[in-house]
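Q: I'd like to go over a predicted model; first the sequence, then the structure.
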Amino acid sequence: MDHQYTEGQLEDDGSEDVFALFVLEDVPIAMVNEVLQGNHDQASTNYMWLADSYDNLVDIDQSNKDGNKRPQVDEQWHSPFIGKSVQDAAEFIKNCPKPPKALNKVHFAVLDRAMYESHGWLPVYRYEDGELQTMPCDADMVSTFFIAYDRDTWEESLRIWKEDGIPALQ
């Protein structure tokens with residue numbers, strides 16, 4: 001059965017449970033797959049979409065049926081965002097056509113190679129009203145953070161990061 005969306009949900013940029021993962025620098029495909037698989041394993045389904053083209057993003061009426069499928073990223077895949085900025089990524093999600101596409105237009109993550117290799121973290125972002133906020137999160141827990149904690153605890157998690165240096169879900 002297809003999920004029926006209310007007009008309010010369609011207008012709420014943060015209502016979708018599909019979150020973009022951006023690759024802004026050259027990283028090994030094995031690293032991309034490791035991050036995606038770790039999130040799939042922790043969340044028991046796939047909530048992360050490897051950002052490339054809106055054409056590769058599920059439509060709203062398919063998001064609940066197809067959300068748990070996580071194919072491995074092909075070795076030939078190349079991010080169209082290499083060399084772009086985090087602000088470019090934020091604008092990309094804001095411009096996603098909703099409907100028909102099922103994408104959270106407020107929260108996203110970036111695969112930062114240095115942060116991932118040194119700490120096992122990814123930077124997670126919230127983009128609302130033109131303001132971009134960020135903090136690190138345990139790389140395997142990004143989906144869990146967005147799904148289970150973020151909507152209610154972003155401000156508290158951000159405060160803890162700024163005051164105590166503790167990343168989200170560490």
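A: Yep, that arrived. Numbers count the residues shown, from 1 in each chain.

Q: With Asp152 as the reference, measure out to the closest residue to Ile60 other than its chain neighbours.
A: Spatial nearest neighbour of Ile60, excluding adjacent residues (CB to CB, 6 or more residues apart in numbering): Ala102 at 4.5 Å. All C-beta atoms are positioned from the backbone trio N, CA, C, and that covers glycine. Ala102 sits 21 Å away from Asp152, taking CB to CB, to the nearest Å as the criterion.

Q: which residues of this structure score low on pLDDT?
A: Low-confidence segments of the chain, defined by pLDDT under 70: 1-16, 61-71, 149-151.

Q: switch the cut-off to 90
A: 1-18, 39-49, 54-74, 97-105, 128-130, 143-155, 157, 166, 168-170 (pLDDT under 90).

Q: And the helices in it?
A: 7-11, 29-43, 63-66, 86-94, 113-119, 142-144, 151-164 (DSSP state H).

Q: Can you tell me which of these is most buried?
A: For the helices of the chain, average neighbour numbers computed from mean count of other CB atoms under 10 Å are highest in helix 142-144, which has a mean of 25.

Q: Correct me if wrong: Gln72 contacts Glu34.
A: No. Taking CB atoms under 8 Å as the definition, Gln72 is not a contact partner of Glu34, at 10.4 Å.

Q: closest one to Val106 among the helices of the chain?
A: In terms of CB to CB, the element of the helices of the chain nearest to Val106 is helix 86-94, at 7.9 Å.

Q: elements contacting the closest one?
A: With contacts defined as 3 or more CB pairs under 8 Å, 6 or more residues apart in numbering; DSSP states H and E, helix 86-94 has these neighbours: strand 19-22, strand 107-110, strand 121-128, strand 131-138.

Q: got the angle between that helix and strand 131-138?
A: 100 degrees (axes from the mean of the first three to the mean of the last three CA atoms, to 10 degrees).

Q: and helix 86-94, how far from the chain's centre?
A: Remark: helix 86-94 is offset 12 Å from the chain centroid, using CA atoms, centre = their mean, to the nearest Å.

Q: Report the backbone C-alpha coordinates of that helix in CSV.
A: Once non-C-alpha atoms are left out, helix 86-94 reads as follows in CSV (Å, rounded to 0.1, in the frame of the first residue of the first chain):
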residue,chain,number,x,y,z
VAL,A,86,28.7,22.4,1.4
GLN,A,87,26.6,25.5,0.5
ASP,A,88,26.2,24.0,-3.1
ALA,A,89,25.0,20.8,-1.5
ALA,A,90,22.5,22.6,0.7
GLU,A,91,21.1,24.5,-2.3
PHE,A,92,20.8,21.2,-4.2
ILE,A,93,18.6,19.6,-1.6
LYS,A,94,16.5,22.8,-1.3
